[in-house]
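>>> fold the following, please.
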Amino acid sequence: MSFEEWKEVRLGDICEVTDCVNKTAPTVNYKTPYKMLRTTNIRNGQINSDNVKYVTEDIYTKWTRRSTPIIDDVILTREAPMGEIGIIKDDSNYFLGQRLVQLRANSEIVTPNFLYFAMRSPFVQNQIYAFEGSGSVVSHMRVPDVMKLKLKIPGLEKQLVLGNFLRNIEDKIYLNNQINQKLEEMAQAIFRSWFIDFEPFQEFVETELGRIPKGWEVHQLKDLIDFKYGKPLKKENREPGAYPVFGSNGQVDVHSNYLVEGPGIIIGRKGNPGTVNLTLDNFFPIDTTFYVDFKQKESSIYYYYFTLSFQNLKDLSADSAVPGLNRNVALKNKIILPPQTVLDRFDQIIDVFFKTLKNNKIESQTLAKLRDTLLPKLMSGELRIPSESIEGGVTV
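Residues are numbered from 1 along each chain as shown. Okay, the predicted model is just below:
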């Protein structure tokens, strides 16, 4: 079936469109089973629930009176920003915060996976971009505008093949991310066991930081490391390459050259002060960051990564219009320093975790490039995928 044979349909004719309750739900400052999705949770085709807001059961019931989001519902942001797309992948008790729209596919006309990827295609996204600067201070879409969006769809059998093929790629990326999260949690648990709870150690002495294992020392950070300033590297000056570029919120890009030999630790200086990131590669920290410079010949990149992560550096921001980490105050913090033999043993264990994490990340980046290359071609009918291509999942 060529693209000319695909049917052009209106979004409102192929799915149930449900708007959010157009007022802010009162939240609580503790976790409950009831999670409010906001526009900030919908980014790059994913729903990230790490920073959701929580509500009581009563509020959840009131805010889902129109509809309760279920698995395979597609979520669209219609303001701040417009056009971000996500799909519900689990049975959490989600509900829509403001400026979100829920799309539930009519299974007799369109499959949820095809709807999800079609909404991310250039054909649909270009229609959404047309509402940018539409006379409002904040560009937005009304629900009637959403319902009038046009999609082109093939028959259900073709939709299944296309949607499932792309979903297999997405699911592998999602699985890699979940594995990496678990790996870091396991590594952090070992760090806590060794260097906070001191579980493997038997003899202790009293110090200004409390009881620590015998033979360990107390130092200020400035005795052991320094925070060096990153360098400016505007987006327009970056060239495609293999080296990660780090800003205060983590990796933001890649570049053809590097500033610092890895492995290294990057700390947010401005914008997101106090965030701590680790890379095993040579890297380029930009001017919103510090990078860690070690004063000792022998050290442990993993020990300092976790130690700095536990330092609550975010609380040491200097007061200004743009929050910034107070470098001098941070370097006065005191930490315990184990003998190098202990750090070497720790590194041998943790290195396996982080090398696996790195390999998973590389695979996910490759899959994401594949998905982004194929998506517009598949959603336009330019490229065809045989049904047998989706059997057995995705490999790189």
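
>>> ok, residue 120 touching residue 375?
Yes. At 6.5 Å, residue 120 counts as touching residue 375 under the criterion of Cβ atoms under 8 Å. For glycine as for every other residue, the C-beta is placed from the backbone atoms N, C-alpha and C.

>>> these two: which is more packed in?
Counting neighbours by other Cβ atoms under 10 Å for residue 120 and for residue 375 shows that residue 120 has the greater number, 24 against 20.

>>> strands of the stretch 51-200 of the chain, start to end?
53-55, 74-78, 82-87, 93-96, 100-105, 150-153 (DSSP state E, counting those that start in this stretch).

>>> closest to residue 305 out of the ones you listed?
Distances from residue 305 to each of the strands of the stretch 51-200 of the chain were compared using Cβ to Cβ; the minimum, 29.5 Å, belongs to strand 53-55.

>>> same for that closest one, what does it pack against?
Helices and strands touching strand 53-55, as assessed by 3 or more Cβ pairs under 8 Å, 6 or more residues apart in numbering; DSSP states H and E, comprise strand 34-37.

>>> run me through the strand neighbours of the strand it packs on, direction for each.
Applying DSSP bridges to the sheet, strand 34-37 is found paired with strand 53-55 (antiparallel), strand 93-96 (parallel).

>>> can you list the buried residues in the shortest one?
Residues of strand 53-55 classed as buried under the neighbour-count rule (16 or more other Cβ atoms under 10 Å) are 53, 54, 55.

>>> looking at those, which is nearest residue 284?
Within the set of the buried residues of strand 53-55, residue 53 lies nearest residue 284; the separation is 34.9 Å, counting by Cβ to Cβ.

>>> that closest one touches residue 32, doesn't it?
No. The pair residue 53 and residue 32 fails to qualify as a contact (Cβ under 8 Å) at a distance of 10.0 Å.

>>> ok, which stretches of the stretch 51-200 of the chain are helices?
Along the stretch 51-200 of the chain, the segments classed as helices by DSSP state H, counting those that start in this stretch run 57-63, 112-119, 122-129, 143-147, 156-195.

>>> of those, which is nearest residue 8?
Across these, residue 8 has its closest neighbour in helix 122-129 (9.8 Å, Cβ to Cβ).

>>> who's in contact with the closest one?
Contacting residues not belonging to helix 122-129 are listed as 82, 83, 118, 141, 149, 150, 151, 152, 376, 379, 380 [Cβ atoms under 8 Å, 6 or more residues apart in numbering].

>>> then stretch 201-211?
Defining contact as Cβ under 8 Å, 6+ apart, one finds that stretch 201-211 is touched by 198, 212, 213, 214, 218, 334, 336.

>>> could you give the average pLDDT over that stretch?
With pLDDT averaged residue by residue, stretch 201-211 scores 96.

>>> from here on, call the first residue 410.
Yes, from this point I'll number from 410; that puts the last item at stretch 610-620.

>>> for the stretch 660-805 of the chain, give me the ranges with low pLDDT.
727-731, 795-805 (pLDDT under 70).

>>> go with 50
Low-confidence segments of the stretch 660-805 of the chain, defined by pLDDT under 50, span residues 801, 803-805.

>>> where do the strands sit along it?
673-677, 685-688, 693-694, 698-703, 726-727, 733-734, 743-746.

>>> out of those strands, the one nearest residue 540 is which?
Each of these has some distance to residue 540 by Cβ to Cβ; the shortest is strand 673-677, at 33.6 Å.

>>> what's the angle from that closest one to strand 698-703?
Between the axis of strand 673-677 and that of strand 698-703 there is an angle of 140 degrees, by axes from the mean of the first three to the mean of the last three Cα atoms, to 10 degrees.

>>> and strand 673-677, what does it pack onto?
Judged by 3+ Cβ pairs under 8 Å, 6+ apart, the packing partners of strand 673-677 are strand 685-688, strand 698-703, helix 710-718.

>>> could you save the strands paired with strand 443-446 as TSV and add columns showing distance to residue 575 and mean pLDDT?
Shown next, in TSV, are these (distance: least, Cβ to Cβ, whole Å; pLDDT from 0 to 100):
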stretch	distance to residue 575	mean pLDDT
strand 462-464	30	96
strand 502-505	23	96
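
>>> could you export these as TSV, including distance to residue 456?
Compiled in TSV, the strands paired with strand 443-446 are given as follows (distance: least, Cβ to Cβ, whole Å):
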stretch	distance to residue 456
strand 462-464	14
strand 502-505	8
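
>>> burial measure for residue 491, as a count.
Burial of residue 491, expressed as a neighbour count using other Cβ under 10 Å, amounts to 22.

>>> that one against residue 541, yeah?
Yes. At 7.2 Å, residue 491 counts as touching residue 541 under the criterion of Cβ under 8 Å.

>>> which residue is the nearest non-sequential neighbour of the residue most central in space within the chain?
Nearest residue to the geometric centre of the chain (Cα atoms, centre = their mean): residue 457, 6.8 Å. Using Cβ to Cβ, 6 or more residues apart in numbering and skipping residues adjacent in sequence, the residue nearest residue 457 is residue 450, 5.5 Å away.

>>> again, but for residue 490
residue 448 (7.1 Å).

>>> identify the residues contacting that neighbour.
Under the criterion of Cβ under 8 Å, 6+ apart, the neighbours of residue 448 are 486, 488, 489, 490, 493, 506, 507, 508, 509.

>>> so residue 435 touches residue 464, yeah?
Yes. At 6.9 Å, residue 435 and residue 464 qualify as touching, with contact defined as Cβ under 8 Å.
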